[in-house]
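J.: Return a 3D structure for these sequence lines:
(chains A and B)
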Amino acid sequence: MTVFNAFLKVIKKNLGTIILYTVIVVFFAAINSRTDDSSTQFVGEKPDVMIVNLDKGTELSGNFEKYLTDNTNKTEISGGDEAVSDALFYREISCVITIPKGYEKTVLEGKTPEIEIKSAGTQNSAFVKNIVSSYIRTQNAFASSGENKAEIIKSVNSALSQKASVAITSKLNTGALTKLANYYIFSSYGLMSCILFIICIVLTSFSETTIRKRTIISSMSYKKFSANLLLSCFTYALAVWILFVVLAYFMMGSIVFTMRGAAFMLNSFIFILTALSLSFMLSTFVPEKNAITGIVNVLTLGSSFLCGVFVPAAILPSWVLSIAKVLPSYWYVDSCNKLAEVENLRSNFMPIVINMGILIGFGIVFAVLGIIVSGKKRKIE
Amino acid sequence: MSDKKVIEVKNLVKEYKELRAVDDISFDVYEKEIFGLLGPNGSGKSTTINSILSLLKYSSGNISIFGKEMTPDAYDIKRDIGVIFQDVAVFQELTVYENIDYFCGLYIRDKKQRKQCIEDAIELVSIGDYKKFYPKQLSGGLLRRLNIACGIAHKPKLIFLDEPTVAVDPQSRNSILEGIKKLRDDGATIVYTTHYMEEVEQICDRIIIIDKGKIIASGTRENLKKLAKIEERITVEIKKMDKEKLEGFKKLEKVTDVSYEGHTLVVSFSGGKNNIANMIDHLRNNNFSYRRVYSERPTLNDVFLELTGKELRD
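T.: Residues are numbered from 1 along each chain as shown, chains lettered A, B, ... in the order given. Coordinates of the predicted model:
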């Protein structure tokens, strides 16, 4: 208990750092939970358009105008051409559709009428162009087959009235899962910072030459001392992990303790073991205690930016992600993203297991490097 | 001091590639004595101590403590050893009390017993007012005292002090030396290494002088001082001196050496009685304008100078 007590006292002296990183994670997680993720929702939308029919009184132009009116919000702009231009510029309307004079005649001759579309250049404008294009192509198809006006109108209306029904079949609570994934992704920064900073401080304190000499000459066996220290480090890392999981429960609710939530937990647990191993390696490299803050900040912030913690991995350039693959955070974040996306977790768990295996591999490499360096350092002393 | 041997070092050799840091040295340390290892920096004192403590793997020789062979795994021996290193070995993140508690806790598990030991150590080095202070809030002298408290809190029977007074103010130095004497009086055996001869003369019962890894002299203070050619040194502050008059001092009885530098005349005598009276007579008879006159007995530095041709602090 002597070693553990001293360990706790060193942590107590650095409690401010732990609180700071925890508050950062909680703050960003709170912002994340307030952001409504609507990417999986479907909402039908009708764009505002102005329709000018220069072939008024003809049946075919009338049917086309009616079709456009049904599928858009028909808007009237008074005040002439300038007012219309202003409406387009200020995105009050998406398009101005002009049905040309002689529209019906052109169609009956089997030709394609020139529909003038003045666009505001928005996404809705593109949608309107699609509607127009679809109608004209359908109408042309029936007109070229020799049908009369009434038949063309009937056939076109029948063809365009067919609608595909869209239903979201996924049973996933995608909104909540995305929030949970974002929480775990962002918490990697907090977890890594808390573990790296504190463990490095503690290990460099305990391994200062004079303190280590005094420990070696004491009646406590050095193996027992090392085991106590290792256990203390693990206990601390475990406590930090539990804290972040509990916070996840308070912020995200019961989803944390679902099957998928457990997979997130397992992923982050393996991540803290890797971070623990990295701390051990770093403590053997760090020349002095004052350098720890700088090194830890560079490592945690750098890997968080590169691996998609602060910026979604999907929008990072491929060369950045290629570099990020040499960092443990990349594989952790990748697992989080996969856990939020895969429909069937059981059949798609293997890639996540592989990522976890890579994380464990990183941990083993860090530990081996740490053991080699600390051994060499002791020989030099 | 008893005749019971606490440490026995036989033919100890420690080599670093081509350098022989410790060259075939042997000595014994007896129970309840303050044993001094005196030598200039780099003479091999710390290497000897580190070898005895099994912190270093020595090249050859035998070391036994409390009658048992000392090895890195000899935890039964280590239980009764306390070490105070030259560099302060404390945690910056722990208070004075917590630091002592930690190092004492490596030996004593029982909380109650440990608490008493910590209080005793704090009292011994007089840092009771600083229990809740962090090391960075302490002066150099107080830090050294804390360093000592951390090393002796578990009440060891054998204590190694490796240059514990380096860069310490006179007040703290006296406090530390008095504390060491008290530890000896309470029954501990002390091995004290330093390059400050005054400290060795002040507290050590027996001394070995080491130079270039070899023991060049050993014995009690008195025995060692007999190795010096001089028995008395008289120093006089004289305003003016010429070469002819300086030669006149050499004619005095038992004079071995005369020197004059910076208005200070130093005359060494190999023996004789009434040297100071003879000296004053000579000064008066020759109309010297002088101020202070004082006499000194030979120091260990003189012994070292005699044996090696150089000063301890060279």
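J.: Contact residues of chain B facing chain A?
T.: B:53-55, B:72-73, B:75-76, B:78-79, B:81, B:83, B:85, B:87-94, B:98, B:102-103, B:105-107, B:109, B:150-151 (C-beta under 8 Å from any C-beta of the partner chain). In short, each C-beta sits where N, CA and C put it, glycine included.
J.: are any of these buried, and which?
T.: B:53-55, B:78-79, B:81, B:83, B:85, B:88-91, B:93-94, B:98, B:102-103, B:105-107, B:150-151 (16 or more other C-beta atoms under 10 Å in any protein chain shown).
J.: what packs against the helix or strand containing A:Arg137?
T.: According to DSSP states H and E, A:Arg137 maps onto helix A:123-144. Packing contacts for helix A:123-144, counted by 3 or more C-beta pairs under 8 Å, 6 or more residues apart in numbering or on different chains; DSSP states H and E, involve helix A:59-71, strand A:95-99, helix A:103-108, strand A:116-119, helix A:149-161.
J.: wait, which of these is closest to B:Asp3?
T.: strand A:116-119 (110.9 Å; C-beta to C-beta).
J.: what ranges do the helices span in the stretch 151-300 of chain A?
T.: A:174-206, A:209-216, A:222-252, A:259-285, A:292-306 (DSSP state H, counting those that start in this stretch).
J.: Put together JSON lines for those, with mean neighbour count and distance to chain B on each row.
T.: What follows is the helices of the stretch 151-300 of chain A, written out as JSON lines (neighbours: other C-beta atoms under 10 Å in any protein chain shown; distance: least, C-beta to the nearest C-beta, whole Å):
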{"stretch": "helix A:174-206", "mean neighbour count": "24", "distance to chain B": "6"}
{"stretch": "helix A:209-216", "mean neighbour count": "18", "distance to chain B": "3"}
{"stretch": "helix A:222-252", "mean neighbour count": "16", "distance to chain B": "8"}
{"stretch": "helix A:259-285", "mean neighbour count": "21", "distance to chain B": "15"}
{"stretch": "helix A:292-306", "mean neighbour count": "17", "distance to chain B": "13"}
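J.: Dump those helices into TSV; add mean pLDDT as well.
T.: Putting those into TSV (pLDDT from 0 to 100) gives the following:
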stretch	mean pLDDT
helix A:174-206	86
helix A:209-216	86
helix A:222-252	89
helix A:259-285	91
helix A:292-306	89
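J.: With distance to A:Val107 added, can I get those helices in a markdown table?
T.: Output for those, formatted as a markdown table (distance: least, C-beta to C-beta, whole Å):
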| stretch | distance to A:Val107 |
| --- | --- |
| helix A:174-206 | 46 |
| helix A:209-216 | 93 |
| helix A:222-252 | 58 |
| helix A:259-285 | 56 |
| helix A:292-306 | 58 |
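J.: shaky segments in chain A?
T.: A:32-44, A:166-173, A:377-381 (pLDDT under 70).
J.: hmm, back to that, among the helices of the stretch 151-300 of chain A, which comes closest to A:Val26?
T.: Short answer: helix A:222-252, nearest of those by C-beta to C-beta, at 6.1 Å.
J.: who does that closest one touch, helix- and strand-wise?
T.: Under the contact rule (3+ C-beta pairs under 8 Å, 6+ apart), helix A:222-252 is packed against helix A:2-13, helix A:15-34, helix A:174-206, helix A:209-216, helix A:259-285.
J.: OK, now which residue of the stretch 151-300 of chain B is nearest to chain A?
T.: B:Gly151 (7.3 Å; C-beta to the nearest C-beta).
J.: any idea how far that residue is from B:Phe85?
T.: Shown here: B:Gly151 relative to B:Phe85, a distance of 8 Å by C-beta to C-beta, to the nearest Å.
J.: now do B:Ile207
T.: For B:Ile207 relative to B:Phe85 (C-beta to C-beta), the value is 21 Å.
J.: and chain A, what are its domains?
T.: A:2-38+A:172-380, A:48-161 (automatic domain parsing).
J.: chain center to the first one: distance?
T.: With C-alpha atoms, centre = their mean, to the nearest Å as the basis, the distance from the averaged C-alpha position of domain A:2-38+A:172-380 to the chain average is 20 Å.
J.: got it, and stretch A:84-103?
T.: 38 Å.
J.: B:Ser64 - how many residues pack around it?
T.: Around B:Ser64 there are 18 other residues, counting by other C-beta atoms under 10 Å in any protein chain shown.
J.: Three-state assignment for it, please.
T.: State at B:Ser64, reduced to three classes by DSSP: H, G, I helix; E, B strand; the rest coil: strand.
J.: Show the contacting residues for residue 181.
T.: I went with chain A, as the question did not name one. When contacts are counted by C-beta atoms under 8 Å, 6 or more residues apart in numbering or on different chains, A:Ala181 is found next to A:264, A:336-337, A:339-340.
J.: Hmm, no, I was thinking of chain B.
T.: For B:Lys181, counting by C-beta under 8 Å, 6+ apart, the contacting residues are B:34, B:203.
J.: Can you tell me the element it falls in?
T.: helix B:170-185.
J.: Any buried residues in the host helix or strand of A:Leu359, and which?
T.: For A:Leu359, the host element (DSSP H and E) is helix A:350-380. Buried residues in helix A:350-380, counted by 16+ other C-beta under 10 Å: A:352, A:355-356, A:358-360, A:362-363, A:366-367, A:369-370, A:374.
J.: and of those residues, the nearest to chain B?
T.: A:Ser374 (16.5 Å).
J.: So the closest one sits against A:Thr204, correct?
T.: No - taking contacts as C-beta atoms under 8 Å, A:Ser374 lies outside contact range of A:Thr204: 11.3 Å.
J.: show me what contacts residue 4?
T.: The chain I'm using is chain A. The neighbours of A:Phe4, taking C-beta under 8 Å, 6+ apart as the test, are A:228, A:231-232, A:235.
J.: To clarify, I was referring to chain B.
T.: B:Lys4 neighbours (C-beta under 8 Å, 6+ apart): B:30-31.
J.: how near is it to chain A?
T.: Separation of B:Lys4 from chain A (C-beta to the nearest C-beta, to the nearest Å) stands at 22 Å.
J.: That residue and B:Ser268, how far apart?
T.: Applying C-beta to C-beta, the value for B:Lys4 to B:Ser268 is 40 Å.
J.: before we move on, what about A:Glu343?
T.: 100 Å.
J.: Compare these two and say which is more crowded by neighbours.
T.: For A:Glu343 versus B:Ser268, neighbours defined as other C-beta under 10 Å are more numerous around B:Ser268 (22 against 10).
J.: Could you look up the SS state of that one?
T.: Classified using three-state DSSP, B:Ser268 is strand.
J.: Go ahead and confirm A:Ala248 touches A:Tyr183.
T.: Yes - between A:Ala248 and A:Tyr183 there is a contact under C-beta under 8 Å: 5.6 Å.
J.: Common neighbours of the two, please.
T.: Joint contacts of A:Ala248 and A:Tyr183 (C-beta under 8 Å, 6+ apart) are A:Ala29.
J.: Give me the neighbour count for A:Thr106.
T.: 17.
J.: A:Pro113 is in contact with that one, correct?
T.: Yes - contact criterion C-beta under 8 Å: A:Thr106 and A:Pro113 qualify, at 4.4 Å.
J.: Mutual contacts of the two, please.
T.: Taking C-beta under 8 Å, 6+ apart as the contact rule, A:Thr106 and A:Pro113 both touch A:Pro100.
J.: just for the stretch 1-150 of chain B, where's the confidence low?
T.: B:1.
J.: can you pull out the helices in it?
T.: Secondary structure of the stretch 1-150 of chain B (DSSP H, counting those that start in this stretch): helices located at B:45-52, B:75-78, B:96-105, B:111-124, B:140-152.
J.: Over to the stretch 151-300 of chain B?
T.: So, for the stretch 151-300 of chain B - with DSSP H, counting those that start in this stretch - the helices run B:170-185, B:197-203, B:221-225, B:243-249, B:275-285, B:300-308.
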